[in-house]
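1. coords please:
(one chain, ligands or ions: 1)
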Amino acid sequence: MPETAKRKEFQATGKMKAVMGKYFTELAHGAEEGVKTAWCTSVGPAELLRALGFNVHFPENHGAMLGATRMATDLIPLANARGFSPDICSYLTSDVGSYLKGESPLHKMKLPGPPRADVLVFNTNQCRDVKDWFQFYAREWDVPCVGIHTPRAIGDLDECILQDVARQTEALVEPLEEVAGEKLDPDRLKEVIDLSRQCTVLWKAVLDTAASVPSPLTFFDGTIQMGPAVVLRGREDAVDYYEVLLAELKERVAGGVAAVGGERFRIYWEGMPIWGKLKSLSTQFLELATCVVASTYCNSWVFEDLDPDDPFRSMARAYSSIFICRSDDRKEQYIEQMVEKFSVDGILYHDAKTCPSNSNSRYQMPQRLQEKLGKPFLVVNGDLNDLRLYSEEQTRTNIEAFVEQLAQA
Ligand code: SF4
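-> Have a look, this model is predicted:
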């Protein structure tokens, strides 16, 4: 492999591993220390849970670990045998398979598997699967499962929706206080929301450095670096980490350091990562001197609307304006802006078989955007976790042909 085609590690990554390790260790030992555990969907009301003193576990993060370590493909059939279809979310099926078999990537860190929940809290802003997933465990352990039902395909985020979601969020306080055994302290909630907002601002600034030409980071780096933004928002640790990472990225930008040596083309990744193939995809793009500069996925943990002075309404606004629960018109406007901001040459859509909610190539969006923006597109068929649904050879060939097409454009 030529020198230019080597992935450049971040010095900050060591600190990230320490921060994430501390988080997982605290989670594992919470029960012994009398700290209650809440499971939360990745774009659920984590701030509320933190303010009530819960340790917060995000099962989608565990799902992604099962995908990245390629344990998922062997575990999914166990959930299928218990009645969960192979066509539904493969985070759900791999996580349930992991539970049934008692195997988890956390064991490699000498930790037990995911902690047992005292309460499970969902938001259907992303899909229905999260509720079904959490209800499985609620039945297993006989613990409460509560949540927020956010409308989908939202165009204008109007007063009606805002009020409804804010009220649903506020209605969670009482049942959660009951499990927590303490009252919600409004000042603590403000503090947590403030920290969460600081984390968001920094994480967005990290991702925005990729607007520089050449880009100092890739989508593949982003999928690793996003860990604290997902599981530690609302905590100082995440804020401290992104300050360090951002400083390193600014140095890269100032020094003209490219994440992809000899960057020729810039691509936008729409849809879920293919967790078990991040390394080989990252290497292929490096060899093609093509940088995947931005993605919908990594930007899904940017919640700029959070406002400590207006906790419930601002949480409702932040968690109902995410890409995944918006109408196609809004999604297209968003992608259009991203293409311009990051000087994108082409768009890659990942059609993830088991995640229709995060696959946007099925209703003509690529064609509409191509017509509007004049940018070529490629649809890759695959999955987030179930590698039986992914053809490496075919994808490699298609990506090569796509980059060739960009060279001729
Ligand atoms: S959005 Fe997709 S990947 Fe995420 S939980 Fe829902 S179905 Fe699974």
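2. Tell me the residues of the stretch 151-300 of the chain that contact the ligand?
-> Within the stretch 151-300 of the chain, the positions near the ligand by CB under 6 Å from any ligand atom are M272. Any C-beta I mention is one placed from the backbone N, CA and C, and that applies to glycine too.
3. which helix is the longest one in this protein?
-> When the chain is scanned for its longest helix (criterion: DSSP state H), the result is helix 186-208.
4. Who are the packing partners of that one?
-> Using 3 or more CB pairs under 8 Å, 6 or more residues apart in numbering; DSSP states H and E, the elements in contact with helix 186-208 are helix 46-51, helix 227-231, helix 236-254, helix 311-320.
5. Single out the most deeply packed of those helices.
-> Among these, helix 46-51 has the highest mean neighbour count (mean count of other CB atoms under 10 Å), at a mean of 26.
6. And the next helix or strand past the longest helix of the chain?
-> Using DSSP states H and E, the helix or strand that follows helix 186-208 towards the C-terminus is helix 219-225.
7. If you count neighbours, what's buried in that next one?
-> Under the neighbour-count criterion of 16 or more other CB atoms under 10 Å, helix 219-225 has F219, F220, D221, G222, T223, Q225 buried.
8. and of the residues you listed, the nearest to the ligand?
-> Among these, T223 lies closest to the ligand (CB to the nearest ligand atom), at 13.5 Å.
9. Relative to the whole chain's centre, how far out is the longest helix of the chain?
-> The chain centre lies 16 Å from the centre of helix 186-208; the measure is CA atoms, centre = their mean, to the nearest Å.
10. Stretch 72-85 too?
-> Mean-position distance between stretch 72-85 and its chain equals 22 Å (CA atoms, centre = their mean).
11. Is that stretch positioned near the ligand?
-> No. Legend: contact between stretch 72-85 and the ligand by CB under 6 Å from any ligand atom is lacking; minimum distance shown is 11.7 Å.
12. what mean pLDDT does that stretch have?
-> Average pLDDT, stretch 72-85: 98.
13. Equivalent analysis for stretch 287-294, please.
-> For stretch 287-294, the mean per-residue pLDDT is 98.
14. And for that stretch, what's in contact with it?
-> The contact list for stretch 287-294, computed with CB atoms under 8 Å, 6 or more residues apart in numbering, reads 1, 4-5, 207, 210-211, 214-215, 218-220, 258-269, 285, 338, 341-344, 348, 399-400, 403, 406.
15. So which bits of that stretch are buried?
-> L288, A289, T290, C291, V292, V293, A294.
16. Same check on stretch 21-31?
-> Neighbour-count burial for stretch 21-31 flags Y23, F24, L27, A28, G30 (criterion: 16+ other CB under 10 Å).
17. Inside helices: which ones of those residues?
-> Per DSSP H, helices hold the following members of the buried residues of stretch 21-31: Y23, F24, L27, A28.
18. Looking at those residues, point me to the pair that's furthest apart.
-> Taking CB to CB as the measure, those span a maximum distance of 9.8 Å, between Y23 and A28.
19. and stretch 392-409, what's its mean pLDDT?
-> 97.
20. Which of the three states applies to the residue in the stretch 201-350 of the chain that the ligand sits nearest to?
-> Relative to the ligand, the nearest point of the stretch 201-350 of the chain is M272 (6.0 Å; CB to the nearest ligand atom). At M272, secondary structure determined by DSSP: H, G, I helix; E, B strand; the rest coil is coil.
21. list the contacts for it?
-> Applying CB under 8 Å, 6+ apart, the residues near M272 are Y297, H350, A352, C355, N358, S359, D383, L384.
22. pretty sure the second one is touching N360, no?
-> This points to H350. No. With contacts counted by CB atoms under 8 Å, H350 stays clear of N360, the gap being 9.2 Å.
23. Give me the distance between P376 and the ligand.
-> Distance of P376 to the ligand, computed by CB to the nearest ligand atom, to the nearest Å: 26 Å.
24. Just the local confidence number for the closest residue to that residue other than its chain neighbours, please.
-> Setting aside the residues directly before and after it, P376 is nearest to G346 in space (CB to CB, 6 or more residues apart in numbering), at 4.6 Å. At G346, the model reports a pLDDT of 98.
25. Which of the contacts of M272 fall within strands?
-> Within the contacts of M272, residues falling in strands by DSSP state E are H350, A352.
26. Same list, the buried residues of stretch 21-31, but as CSV with pLDDT and distance to the ligand please.
-> Shown next, in CSV, are the buried residues of stretch 21-31 (pLDDT from 0 to 100; distance: CB to the nearest ligand atom, whole Å):
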residue, pLDDT, distance to the ligand
Y23, 98, 20
F24, 97, 20
L27, 96, 20
A28, 95, 23
G30, 92, 24
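27. Tell me the one of the residues you listed nearest V239?
-> Ranked by distance to V239 (CB to CB), those are led by Y23 at 13.8 Å.
28. Pretty sure that closest one sits against L232.
-> Yes. In terms of CB under 8 Å, Y23 counts as a neighbour of L232; the distance is 5.9 Å.
29. circling back to that earlier point, pLDDT of the longest helix of the chain, averaged?
-> Helix 186-208 shows a mean pLDDT of 98.
30. how about that helix: buried residues?
-> Using 16+ other CB under 10 Å as the test for burial, helix 186-208 gives 189-208.
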